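[1] mind folding the following:
(chains A and B)
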Amino acid sequence: MWFLSFIPDSFLHFIILTILVSGVGLYILGLLTNFIPVIYPFKEPIRIVSTILIVAGVYFLGGYNTEMDWRKKVEEAEAKVAAAEAKSAEVNTKIKTKIITRTKVVHDRQIVIKRELKEVEKRINEECRLDPVVTKIHNDAAINPMSIAK
Amino acid sequence: MKQFLILFSLITLVGCTTTAVPVAVKFPDAPDQLKIQCPDLKLVDEKTLRLSDVLDSVTTNYTTYYECKGKIDDWIEWYNLQKSIYDKLK
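    Sure thing, here's the model as predicted:
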């Protein structure tokens, strides 16, 4: 029933109701043929045409209502998705702000610690001379084990 | 006539055929900062015998760790929040 989306709703509804009402009207007329001698010879064609019109009317009415239901559902779903995307963007902004704050705090802390280290650098280097194995152990621990495993 | 009625009834039911709602939900985009991989840890020049150099490297590596930990925490938070938002769509 995709083609229904190209026709204006009110016009479509009017056409469908016209088909259905014409069918019902013709069917009633078909029942009265016994009392109206002029149209008696058309009794069978009237019944056939009215049946076809009723079936077509019911078919299109069903299709129209289904189409309208789906359009409503699509609109609801689109509204929900738009709301979810807005909320999602809000979450991203919140997390971005958090990242900026955290990065600054972590870096500032590093600067403070390194400044502290700089102040005592001379003293600790005078008092302590490292065994070369210390740097090797440090580097071994710092190397990503997965890069060694490759 | 009865056969026609059955056939026409079947045809009328076809009019109620439904299809899936054509609304695409876009996968949410994560903040760019979270998409950067964590760096490798800093190594010390193996020739150095200065404790301050080792301490400097350790400090840098701790910073790297906290940055990376923060990133993982943010990913978890991002995922949980986005999931709760998109679960409500169902």
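[2] which residue lies nearest the spatial centre of chain B?
    A centroid search over chain B (C-alpha atoms, centre = their mean) returns B:Tyr79, at 5.6 Å, as the residue closest to the centre.
[3] and that residue, how far is that from chain A?
    Noted for B:Tyr79: a distance of 10 Å to chain A, by C-beta to the nearest C-beta, to the nearest Å. In this view, the C-beta of every residue, glycine as well, is placed from N, C-alpha and C.
[4] same thing with B:Asp29?
    Looking at B:Asp29 against chain A, where the rule is C-beta to the nearest C-beta, the gap reads 7 Å.
[5] which element is the residue nearest to the centre of chain B on?
    Under the criterion of DSSP states H and E, B:Tyr79 resides in helix B:51-87.
[6] may I see the buried residues of that helix?
    Along helix B:51-87, the positions that meet the burial threshold by neighbour count (16 or more other C-beta atoms under 10 Å in any protein chain shown) are B:51-61, B:63-64, B:66-67, B:70-71, B:74, B:78, B:81-82, B:85-86.
[7] okay, stretch B:40-56 in PDB with CA atoms only?
    Output in PDB follows, covering the C-alpha atoms of stretch B:40-56 (Å, rounded to 0.1, in the frame of the first residue of the first chain):
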ATOM      1  CA  ASP B  40      52.800   2.900  25.800                       C
ATOM      2  CA  LEU B  41      54.500   3.500  29.100                       C
ATOM      3  CA  LYS B  42      57.700   5.600  29.200                       C
ATOM      4  CA  LEU B  43      61.000   3.800  29.400                       C
ATOM      5  CA  VAL B  44      64.200   5.000  31.100                       C
ATOM      6  CA  ASP B  45      67.500   5.400  29.300                       C
ATOM      7  CA  GLU B  46      69.200   2.100  30.400                       C
ATOM      8  CA  LYS B  47      72.500   3.900  30.700                       C
ATOM      9  CA  THR B  48      71.300   6.300  33.400                       C
ATOM     10  CA  LEU B  49      72.200   5.700  37.000                       C
ATOM     11  CA  ARG B  50      70.200   8.600  38.300                       C
ATOM     12  CA  LEU B  51      67.300   7.800  40.600                       C
ATOM     13  CA  SER B  52      65.600  11.100  39.600                       C
ATOM     14  CA  ASP B  53      65.400   9.800  36.000                       C
ATOM     15  CA  VAL B  54      63.700   6.700  37.100                       C
ATOM     16  CA  LEU B  55      61.300   8.600  39.400                       C
ATOM     17  CA  ASP B  56      60.600  11.000  36.500                       C
END
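[8] alright, that wraps it up for me.
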